[in-house]
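Novice: fold the following and give me the result.
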Amino acid sequence: MPKILVTRRTFSVALAALRASGADVVIWEDHESPSQEDLIKAVADVHGLYAHITNQVNAEVMDAAPNLKVIAEFGVGYDNIDIIAANERGIAVCNTPGILSESTADEAFTLLASMARRTNDLSAMVKRGEWGDFDPLSYLANDIHHKTIGIVGMGKIGSEMAKRAKGFSMNVLYFNRNKRDEEFGASYVDSLEELLERSDYVSLHNPLTPETMNMMSTVQFKLMKKSAILINTTRGAVVDQDALYLALKSGELAGAALDVTVPEPIPADHPLLTLDNCLIMPHVASATVDTRMKMAMMSVENVLACVSGDWPPYCVNQAAIAGNARIKGVYNC
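Specialist: The predicted model follows:
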């Protein structure tokens with residue numbers, strides 16, 4: 001009987017589907033994610049690992065699980081998984097592509113609109129009882145329509161963000177590793193520097209890689225307009241948070257909205273939380289009932305396919321492990 005470890009609680013329908021397969025399903029029930037030490041102990045006899053972004057699935061974890069066939073990530077990004085180690089060990093790594101693109105773009109544009117129209121700090125001001133008499137020069141915010149948005153990373157989420165921006169009559173620029181066919185009226189720029197200099201709003205949708213670590217830092221903030229607003233819904237480590245704090249505090253940058261931080265959760269005493277021009281959300285871009293349910297069921301598909309001997313439908317490293325002698329005869333291919 002295959003054993004599957006699910007590292008966080010999941011929807012009852014997803015859990016029922018896992019158990020209906022006849023697998024021995026173990027759910028990590030604690031309020032907090034398993035520590036690295038706990039994870040290493042918990043995977044000792046598992047065949048499938050249904051993992052989450054808070055789990056660092058490295059070589060040590062994989063070596064502690066000699067029966068492990070699949071690591072199914074609940075999400076699109078899998079930078080928490082050592083893909084090279086998985087390739088070397090013939091372990092399938094899966095994700096949930098495409099399904100959360102629209103919800104994430106909804107969140108990113110919501111953050112943009114909230115910062116542009118000062119929903120965050122003006123609402124807080126009203127709650128403090130500081131709403132004064134009418135003054136035509138008070139509480140001024142910024143327009144969204146006809147402004148320029150720069151999208152960094154024109155993948156599925158970036159494309160959805162461009163679609164929403166065009167709906168608000170924005171001028172859309174994008175910078176990507178490769179130029180794509182023009183989509184939704186977006187215009188390609190040759191460099192990140194040009195995009196930063198021309199944009200009123202910058203929205204980050206690129207993956208986290210060694211090259212993009214702290215991609216947005218002091219030099220980049222100096223290139224941006226003082227009136228510009230930064231939106232990050234990709235990974236916290238793409239932004240140098242210390243440099244961001246200084247840029248926001250000094251007025252070098254007008255505002256920022258972050259759905260992701262380093263670490264997560266961000267400490268309650270972090271300097272960014274003292275700023276009215278910084279809005280921080282608890283990594284919830286995909287957190288809608290519909291989207292999270294679909295993600296859960298895709299993760300179930302990945303795990304069940306693999307432990308039964310088939311290639312999982314959303315495998316990101318199939319080409320890399322298909323010739324691995326260790327898995328010869330494991331998958332029906």
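Novice: ranges for the helices of this protein?
Specialist: In the chain, the segments counted as helices under DSSP state H are 12-20, 36-42, 59-63, 83-89, 101-116, 119-127, 156-167, 192-198, 218-223, 241-250, 289-307, 318-321.
Novice: buried residues in the longest one?
Specialist: By neighbour count with 16 or more other Cβ atoms under 10 Å, helix 289-307 contains the buried residues 291-292, 294-307. For glycine as for every other residue, the C-beta is placed from the backbone atoms N, C-alpha and C.
Novice: ends of stretch 266-280, what's the gap?
Specialist: 9 Å (Cα to Cα, to the nearest Å).
Novice: what does stretch 57-67 give?
Specialist: Terminal-residue distance, stretch 57-67 (Cα to Cα): 15 Å.
Novice: any idea how far that stretch is from the middle of the chain?
Specialist: 24 Å (Cα atoms, centre = their mean, to the nearest Å).
Novice: quick one: average pLDDT of it?
Specialist: With pLDDT averaged residue by residue, stretch 57-67 scores 97.
Novice: and what of stretch 257-267?
Specialist: For stretch 257-267, mean pLDDT rounds to 97.
Novice: ok, Val61 touching Ile40?
Specialist: Yes. Using Cβ atoms under 8 Å, Val61 is in contact with Ile40, at 5.7 Å.
Novice: please say which of these two ends up with more neighbours.
Specialist: Neighbour count, other Cβ atoms under 10 Å: between Val61 and Ile40, Val61 has more, with 22 against 17.
Novice: what about the strands in the stretch 201-333 of the chain?
Specialist: Here the stretch 201-333 of the chain has its strands, by DSSP state E, counting those that start in this stretch, at 201-204, 229-232, 255-258, 278-280.
Novice: direction included, what does the last one pair against?
Specialist: Strand 278-280 has these partner strands in its sheet, going by DSSP bridges: strand 255-258 (parallel).
Novice: re the thing from before, a markdown table for the helices of the chain, including distance to Tyr174?
Specialist: What follows is the helices of the chain, written out as a markdown table (distance: least, Cβ to Cβ, whole Å):
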| stretch | distance to Tyr174 |
| --- | --- |
| helix 12-20 | 35 |
| helix 36-42 | 37 |
| helix 59-63 | 36 |
| helix 83-89 | 26 |
| helix 101-116 | 13 |
| helix 119-127 | 26 |
| helix 156-167 | 7 |
| helix 192-198 | 7 |
| helix 218-223 | 16 |
| helix 241-250 | 22 |
| helix 289-307 | 24 |
| helix 318-321 | 28 |
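Novice: nearest to Phe74, out of those helices?
Specialist: helix 289-307 (5.1 Å; Cβ to Cβ).
Novice: quick one: that closest one to helix 12-20, angle?
Specialist: 10 degrees (axes from the mean of the first three to the mean of the last three Cα atoms, to 10 degrees).
Novice: residue furthest from the geometric center of the protein?
Specialist: Asp133 (41.8 Å; Cα atoms, centre = their mean).
Novice: got a list of what it touches?
Specialist: Contacts for Asp133 were tallied using Cβ atoms under 8 Å, 6 or more residues apart in numbering; there are none.
Novice: now it: how far from His270?
Specialist: According to Cβ to Cβ, to the nearest Å, Asp133 and His270 sit 35 Å apart.
Novice: what's the answer for Ile83, then?
Specialist: 30 Å.
Novice: before we move on, what about Glu88?
Specialist: 37 Å.
Novice: same deal with Lys127?
Specialist: Separation of Lys127 from His270 (Cβ to Cβ): 22 Å.
Novice: pick out whichever of the two has more residues nearby.
Specialist: His270 (15 against 9).
Novice: separation between that one and Thr54?
Specialist: From His270 over to Thr54 (counting by Cβ to Cβ), the distance is 18 Å.
Novice: same question for Pro263.
Specialist: 10 Å.
Novice: pick out whichever of these two has more residues nearby.
Specialist: Thr54 (14 against 9).
Novice: got a pLDDT number for the more buried one?
Specialist: So, for Thr54, pLDDT stands at 94.
Novice: do the same with Gly309
Specialist: With respect to pLDDT, Gly309 has a value of 87.
Novice: what do you get for Gly75?
Specialist: So, for Gly75, pLDDT stands at 95.
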